[in-house]
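Undergrad: requesting a structural model of the entry that follows:
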Amino acid sequence: MSQSTTRMLTRVKAVYLFIRENGPVSTGEIAEEFGITDRTVQRDLHLLAYNGLVNSPNRGRWKITNKKVKIS
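TA: Sure thing, here's the model as predicted:
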């Protein structure tokens, strides 16, 4: 796995954990917490949503789903 892929997966995991601990949270709150752009946050959230781990029932506010996750 490339270094950039590892870095991205580490960030996505951290974003998921941040949402789990602080959710529901906005894209802006995530961007501020991690020092990344809103566009990067949107890509990360898209990946998490595609895998059924987060959703946004209230426009722009993200929370985790009930899907079981094993975090290593």
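Undergrad: for the protein, just list every one of the helices.
TA: Secondary structure of the chain (DSSP state H): helices located at 3-22, 27-34, 38-50.
Undergrad: so which of those helices is nearest residue 57?
TA: Across the helices of the chain, residue 57 has its closest neighbour in helix 38-50 (11.6 Å, CB to CB). For the C-beta atoms, the positions are set from N, CA and C on the backbone; glycine is no exception.
Undergrad: mind putting the helices of the chain into JSON lines with mean pLDDT?
TA: JSON lines is the format used below for those (pLDDT from 0 to 100):
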{"stretch": "helix 3-22", "mean pLDDT": "95"}
{"stretch": "helix 27-34", "mean pLDDT": "96"}
{"stretch": "helix 38-50", "mean pLDDT": "96"}
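Undergrad: quick check: buried residues in stretch 19-38?
TA: Within stretch 19-38, the residues scored as buried using 16 or more other CB atoms under 10 Å are 19, 24-27, 29-31.
Undergrad: taking those, tell me the two that lie furthest apart.
TA: 24 and 31 (15.2 Å).
Undergrad: quick one on the thing from earlier: as JSON lines, the helices of the chain with distance to residue 67 would be great.
TA: Conversion of those to JSON lines gives the following (distance: least, CB to CB, whole Å):
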{"stretch": "helix 3-22", "distance to residue 67": "11"}
{"stretch": "helix 27-34", "distance to residue 67": "19"}
{"stretch": "helix 38-50", "distance to residue 67": "10"}
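Undergrad: of all those helices, which one is nearest residue 66?
TA: Of all these, it is helix 3-22 that lies closest to residue 66, at 11.7 Å by CB to CB.
Undergrad: for the closest one, which helices and strands make contact with it?
TA: helix 27-34, helix 38-50, strand 61-64 (3 or more CB pairs under 8 Å, 6 or more residues apart in numbering; DSSP states H and E).
Undergrad: same question for that helix: list its buried residues.
TA: Within helix 3-22, the residues that qualify as buried by neighbour count (16+ other CB under 10 Å) are 8, 12, 15-16, 18-19.
Undergrad: using PDB, write out every CA atom in that helix.
TA: The C-alpha atoms that make up helix 3-22 are tabulated as PDB, following Å, rounded to 0.1, in the frame of the first residue of the first chain:
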ATOM      1  CA  GLN A   3       2.200   6.000   1.800                       C
ATOM      2  CA  SER A   4      -0.500   8.300   0.500                       C
ATOM      3  CA  THR A   5      -3.100   5.500   0.700                       C
ATOM      4  CA  THR A   6      -2.100   4.700   4.200                       C
ATOM      5  CA  ARG A   7      -2.300   8.400   5.200                       C
ATOM      6  CA  MET A   8      -5.800   8.700   3.700                       C
ATOM      7  CA  LEU A   9      -7.100   5.600   5.400                       C
ATOM      8  CA  THR A  10      -5.700   6.700   8.700                       C
ATOM      9  CA  ARG A  11      -7.400  10.100   8.300                       C
ATOM     10  CA  VAL A  12     -10.700   8.500   7.300                       C
ATOM     11  CA  LYS A  13     -10.600   6.300  10.400                       C
ATOM     12  CA  ALA A  14      -9.900   9.400  12.500                       C
ATOM     13  CA  VAL A  15     -12.800  11.200  10.900                       C
ATOM     14  CA  TYR A  16     -15.100   8.300  11.700                       C
ATOM     15  CA  LEU A  17     -14.000   8.200  15.300                       C
ATOM     16  CA  PHE A  18     -14.400  12.000  15.600                       C
ATOM     17  CA  ILE A  19     -18.000  11.700  14.300                       C
ATOM     18  CA  ARG A  20     -18.700   8.800  16.700                       C
ATOM     19  CA  GLU A  21     -17.400  10.800  19.700                       C
ATOM     20  CA  ASN A  22     -18.800  14.200  18.700                       C
END
